[in-house]
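Engineer: pasting the sequence and the predicted model now:
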Amino acid sequence: MEQAIFSNIWWVLALPVFGFLIQCLTGKIIIDNLGPKIGRRVMGALAVLPIAISFGLGAQITAALVKMDEHHRTAILTLFQWITVGNLSIPFEVRVDALSMTMVLIITGIGTLIHLYATGYMAEEPDFPRFFTYLNLFVAAMLILVLGNNLALLFVGWEGVGVCSYLLIGFWYKDKANSFASNKAFIVNRVGDWGLTLGMFTLAFMAAIVLGKEGADPRWLSYDVLLPNAAKIAAGFDPWLLAIACILLFIGAMGKSAQFPLYIWLPDAMAGPTPVSALIHAATMVTSGVFLLNRMSAFFALSPTAGAVVAITGAITALLGALIAFGQTDIKKVLAFSTVSQLGYMFIACGVGAYWVGLFHVATHAFFKALLFLGSGAVIHAMSHNQDMRNYGKLLKYLPITGSTMLVGWMAIAGLPFMSGAFSKEEILLTSFASHLTWYGMPIGQIVFGVALLVAVLTALYMSRMTYMTFFSGDERWRLIPAHAHGHHDDHHDDHHHDHDHAHDDHHGPDVHNFFYTDAEMSAIAAGTPHEHHHELDGSHEPHEVPPSMFIPLVVLAALSVIGGGWLFFGVNLAEWLHSAGVVVHHHEHVESIGSFVTETIQRPIFWGATLAFIIGVGGGWMIYGKKLPEDDGMDTAKWKGWRKAAANQFGIDKAFTQGSIKGGNVLGKTTWSLDKSLVDGIVNGAGLLASTFGKLFSGLQTGFVRGYATLMQIGVAALLIYFVYQIVAVGGGGK
Amino acid sequence: MGPLTLTILIPLVGMILLFFVPERYPAAIKWLTILFTSCAFLTSLGLLTLFNANTFQFQHVEAFNWIPQWGIQYKVGIDGISIWLFLLTTLLTLLASIFSFYVEKRTRIYFAMMLLLEAAMLGVFVSLDMILFYTFFEATLIPMAVMIFVWGGSNRNYAAIKFFLYTFAASIFMLLGMITLAKHHQAITGVMSFDITAIQALVASGEFWQGTGSLQTIIFWAFTVALLVKCPMFPFHTWLPDAHTEAPTAGSVILAGVLLKMGTYGLLRFSLPLFPEAAQAAVLPIMILAVIGIIYGAVVAAVQPDVKKLVAYSSVSHMGFVVFGVFSLNQAGMMGGTYQQLNHGISTGALFLLIGLIYERTHTRLFKDYGGLKAQMPIFSALFLIVMLSSVGLPGMNGFIGEFLALYGGFMTAANGQYGLSMIFPVIAGIGVILAAAYLLHMFRQVFYGPLNPNLARLKDLKPWEIGLVGVFIIFIFWGGLYPNTFLQPMEKSVNAVRMMTINEPGMRPVWNDRSQEIDDKGNLVRISDRTPDGSMDTDADVEIIAPADFYTKK
């Protein structure tokens, strides 16, 4: 019976919660009793298992869903009434359908691999259970986000993953820079959440007005109330209101999915441990914006304005992220900006009305980007936690498994035909070119197509830059570093770090900030600025391949990066599959805002175009970076110096927003506070003083506010009493 | 003697007994206080089990003549709005008195003041006679001011006097308003009465304010300003940061947890139901103040150098959400505002308690003296994190539900274009939620993150009893966020009744002392012929609709 299978969804949801509780309540006790080595093994297993079982159950449910008739592939299960007030009812309900289960499989599948990897990566971390407490909680929150059947539950997961991201970015909290990065992530995300809240209120308002008078159940935020009635709800109002509602929801997506200008938190978020970057800041959490647009596609499809805003924002972000990636020398930063760029790519698809294509790219990107991040983590692990690519080179020889899997990831993201990334990228190019979306006469689809094609070239190029600098190109450059050249040293991984605290604190000032390469820092720390490391990288270092717990996930993800795209496209037929969950699919039904569009006729030219972009990018990369690093300490500054610096500094965007808001907020706060003390409170104290002076006329006794207030009171009371008595007498008992 | 009077009397009896315990036995004084506050808490819990959530009428009503010639009664009763505040009072006083084991200076009078304060606060929330209400309302001032004055910080003198006189001066206007209402009642019916329900019955029929011109507006503001000072609402908030900074920890917990709620409770009990037309006209100015307060409190909180002042200003912001919700005059919004009272009491009470726990160890509240505490006190930091996130309004915790509903209600009212509100109100109020994250995370970062401040290297983590104390708050934080219906259901009908008393036309308004009226499950105001023995509406009996539910209006 299907219903019995579906009720397993509660286990999918509950297992990560149990994992979280086990980690946070028993983690310390178990490790204290079993010793750090075995204890961490046990806790690691207890962290991986719940997610793995969740994945198994999720796969079972999905299999049952596949067998069902296309029109009945949605099940809604209610656990309890969460919020009930007269005109709004929000049950705790989950929705099992093709879209949510696709996300569940991505989250728990990739989640299992990354948890496994993390047991190896964090093996020397003294705060081991705290890490997995946060990580398991993250999976639980992410599952609520995708499984919830209403926007309020989505919001629960939305902020839940946000807070886990906050805690994990600041996991190594002794470094002040990490704590700044974590605060920034949460606060910037809250800006997005503000939009999401207002957006869901707008939709609820529209639904309540249209459906409320019919005496419908006031579940105004539930998908099964909103989505089937989308056209009816939208018809009741001016199109602008729908556009505003959709744009507000999209602001939420901009925050979580790092779209311009709210992308600024994501690069800093790389301060977190690398498995976090892979799971949260590449594969799952940052794609929830695309999920939201897919979920609400019935509304977005009705508003060409919203579509244009989404597509243009996506295009700007894709281009900006790709350009900034060239300025980065930190391997994780390159991947971070690559993620920003690829997220923009997904929104290009969503904007032009091809929502499922956006989700397709979410899936393939999850495979290859998780692979690249985990691979970069293995490289960093092997290079004594030095993250500067200028110190790498020829690493393929030392790291054969890591290296070859990362080469697969590189090919997938660059778009080698028939690899996973190529499939989804080609679909994005195809649908944006074919789209009929126009806005104020502008052919939005074709404009963003042009940008997307350019970004495809750039992507292949900067990923080639990263790959060549790390695994090929000339010398083993870390051999050039003299021994003990470093001043900065963080003992995050030291088992006895409590004993070392003081020595370590004296070692460097409180504000060594190693996330931005300014000129001064660049010369001071030219040899690299590690922030998660055991010992320094120097010429005597021999890189070693990582343990099996770390390379098994790499191999699995590499396999998925090769075949995943084709499998989802041909095997699963993702468009039809998601269509059964109510996602608007462009070639399947008429999309009100842009009409339906067919892509068959232009498929061949687009394929060749995308392949050409791949060849230009990878070939160009080989010419610039293949043989050796360009001159000047590995910065290819000779020709592109100014431009490169601008890219490294994110063209000043981050600085303008971050510094601007911090400084502006500080000035605003201080000014307001001084006004509060002088003016607002001043009036109060002034009144007291005035009255006390006045009181002295009568009593001539003591000074002080007591007397002042008392006198003021007497005068006030007297005046008011006279007034009231006059009123009462004048009115004389009103109606009678 | 009914259960309400009994609960009020328990702390009073305890206070009297305290005076027979010599000052030299502080442990006995402390345990005796805890015994009596526990009894009061248990009694109020018993009251909750007796509470009937299916009626908006007052329950456990007791009435005796007090000064008959002036129509003053001892009249108490409880409904869905006051039941939770009543429980919050007994709970917070119990927890605050347990924390006060740390107090060593003049213990007897300290604990006597605490018990007196509890009795007065309990009285405020159940009084149905205006003079009785006023007596209790003012009676809370004395013990609180004494607590600040004797056990406070360095600037306690100024803070105590300011607290006392500011709120006292403001409430004088309320007293005048009350006398006017009673006189006016006499003018209509021939007898003077301070009975809230009697006056409300006349207001509901439209008789009371008929042909009185601007009198309704004047008295409305006399009440409302006094109550807004108590909330406190911008620009009447300046007594609060001083009082909080100087108050001892238990005083801060009770001040933030309960005393501020007397203001918003008064809005629900007086300002809305007794002055419907004036209240509707005042929605716009009060919402402006609420929105300013939300942003203003948050902006000023963000630059405070002192942990307690930061939380004090955050209270201005959070109480702004309560008023925002209540004055949205939308069912969800009013429920959110009413619920947010409890949440703020729990979250901010817990924050002050945690600050008190660390203050007892370090004797400083300045951020510059902290840093890196997470490594030194992991349990304390974990508990602080949870409480801080609840104050941030993280979904799954109590603070979210209240703020979400308050914003929702304000949004719906504004989207409908009612009472002159525009969309800018919820849009700006929503920014307060962003700012809340900014200043609270800023606080957390400065205290707990970064390298450990060497001065803190000897600090010990929380003791088990301290963990238990905070644990109680944390249970309510998650309970209130995960299953808010426990708290929302009992208040639903009472809040809806107040809403309909305010926005409905005369004659279609619910009446508190008309036992034939009830609100059914769909939200209609109905006249019923019979009640079941427990006081609920009998669904089999004849039902006549007085006013239909009107949740969805469009201009």
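Structural biologist: Happy to help now that I have it. Numbering: from 1, shown residues only, chains lettered A, B, ... in the order given.

Engineer: now the most centrally placed residue in chain B: phi and psi?
Structural biologist: When CA atoms, centre = their mean is applied to chain B, the residue found nearest the centroid is B:Lys261 (2.0 Å). The phi/psi pair for B:Lys261 (degrees, to the nearest 10) reads phi -70, psi -20.

Engineer: contact partners for it?
Structural biologist: Listed by CB atoms under 8 Å, 6 or more residues apart in numbering or on different chains, the contact partners of B:Lys261 are B:85, B:88, B:341, B:344-345. Every residue, glycine included, has its C-beta placed from N, CA and C.

Engineer: please repeat the previous calculation with a cut-off of 6 Å.
Structural biologist: B:85, B:341 (CB atoms under 6 Å, 6 or more residues apart in numbering or on different chains).

Engineer: I'd say B:Thr89 and B:Met121 touch.
Structural biologist: Yes. Contact between B:Thr89 and B:Met121 holds when scored by CB atoms under 6 Å: they sit 4.8 Å apart.

Engineer: which residues do the two both contact?
Structural biologist: Joint contacts of B:Thr89 and B:Met121 (CB under 6 Å, 6+ apart) are B:Val258.

Engineer: all strands of the chain, in order?
Structural biologist: Chain wasn't specified; assuming chain A. Under the criterion DSSP state E, chain A contains strands at A:75-85, A:88-96, A:438-439, A:442-443.

Engineer: that's the wrong chain, I wanted chain B
Structural biologist: Using DSSP E, strands in chain B cover B:59-67, B:72-78, B:517-519, B:525-528, B:543-547.

Engineer: centre of the chain versus the shortest one, how much separation?
Structural biologist: When C-alpha coordinates are averaged (CA atoms, centre = their mean, to the nearest Å), strand B:517-519 and its chain have centres 26 Å apart.

Engineer: cool, the fourth one as well?
Structural biologist: Distance of strand B:525-528 from the chain centroid (CA atoms, centre = their mean) equals 30 Å.

Engineer: close to chain A, is it?
Structural biologist: No. Counting by CB under 6 Å from any CB of the partner chain, chain A has no neighbours in strand B:525-528; the shortest distance is 12.2 Å.

Engineer: any idea of the mean pLDDT in that strand?
Structural biologist: Averaging pLDDT along strand B:525-528 yields 87.

Engineer: for that strand, name the packing helices and strands.
Structural biologist: strand B:517-519, strand B:543-547 (3 or more CB pairs under 6 Å, 6 or more residues apart in numbering or on different chains; DSSP states H and E).

Engineer: neighbouring strands of the shortest one in the sheet, and parallel or not?
Structural biologist: In the sheet containing strand B:517-519, the strands it pairs with under DSSP bridges are strand B:525-528 (antiparallel).

Engineer: looking at the strands of chain A, which has the lowest confidence?
Structural biologist: strand A:438-439 (a mean of 84).

Engineer: other SSEs contacting it?
Structural biologist: The contact analysis (3+ CB pairs under 6 Å, 6+ apart) places strand A:438-439 against no helix or strand.

Engineer: list the neighbouring strands of that strand plus their orientation.
Structural biologist: strand A:442-443 (antiparallel).

Engineer: chain center to the strand it pairs with: distance?
Structural biologist: That offset, for strand A:442-443, works out to 30 Å (CA atoms, centre = their mean).

Engineer: and the contacts of that strand?
Structural biologist: For strand A:442-443, using CB under 6 Å, 6+ apart, there are no contacting residues.

Engineer: before we move on, back to that, for A:Ser674, find the nearest of the strands of chain B.
Structural biologist: strand B:72-78 (44.6 Å; CB to CB).

Engineer: domain assignment for chain B?
Structural biologist: Structural domains assigned to chain B are B:275-482, B:515-555, following automatic domain parsing.

Engineer: of all the ones you listed, which one is nearest A:Ala647?
Structural biologist: domain B:275-482 (29.1 Å).

Engineer: so where is the chain shaky, pLDDT-wise?
Structural biologist: No chain was given, so I picked chain A. When residues are selected by pLDDT under 70, those of chain A lie in A:1-3, A:215, A:481-540, A:586-599, A:628-640, A:691-736.

Engineer: let's do chain B instead
Structural biologist: B:540, B:552-555.

Engineer: do the helix ranked longest in chain B and chain A meet at all?
Structural biologist: For chain B, the helix with the greatest residue count under DSSP state H is helix B:156-189. Yes. Judged by CB under 6 Å from any CB, helix B:156-189 and chain A are in contact via B:161, B:165, B:169, B:172, B:176, B:180, B:183, B:187-188.

Engineer: okay if I get the strands of chain A as CSV plus mean neighbour count?
Structural biologist: Shown next, in CSV, are the strands of chain A (neighbours: other CB atoms under 10 Å in any protein chain shown):
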stretch, mean neighbour count
strand A:75-85, 18
strand A:88-96, 23
strand A:438-439, 17
strand A:442-443, 12
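
Engineer: so for B:Ala250, which of those sits nearest?
Structural biologist: Between the strands of chain A, strand A:75-85 lies closest to B:Ala250; by CB to CB that is 32.8 Å.

Engineer: which residues are contacting the closest one?
Structural biologist: A:6, A:90-96, A:149, A:224, B:331-332, B:335, B:484-485.

Engineer: got the angle between that strand and strand A:88-96?
Structural biologist: 160 degrees (axes from the mean of the first three to the mean of the last three CA atoms, to 10 degrees).

Engineer: for strand A:75-85, which strands pair with it and how are they oriented?
Structural biologist: Strand pairing (DSSP bridges) places strand A:75-85 next to strand A:88-96 (antiparallel).

Engineer: output the strand it pairs with as PDB - backbone C-alpha positions only.
Structural biologist: Extracted C-alpha coordinates of strand A:88-96, given in PDB (Å, rounded to 0.1, in the frame of the first residue of the first chain):
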ATOM      1  CA  LEU A  88      -4.900  31.600   9.200                       C
ATOM      2  CA  SER A  89      -4.200  28.000   9.700                       C
ATOM      3  CA  ILE A  90      -0.700  26.400   9.200                       C
ATOM      4  CA  PRO A  91      -0.500  22.700   9.700                       C
ATOM      5  CA  PHE A  92       2.700  20.800  10.100                       C
ATOM      6  CA  GLU A  93       2.300  19.000   6.800                       C
ATOM      7  CA  VAL A  94       4.700  17.400   4.300                       C
ATOM      8  CA  ARG A  95       4.300  17.000   0.600                       C
ATOM      9  CA  VAL A  96       5.600  13.900  -1.100                       C
END
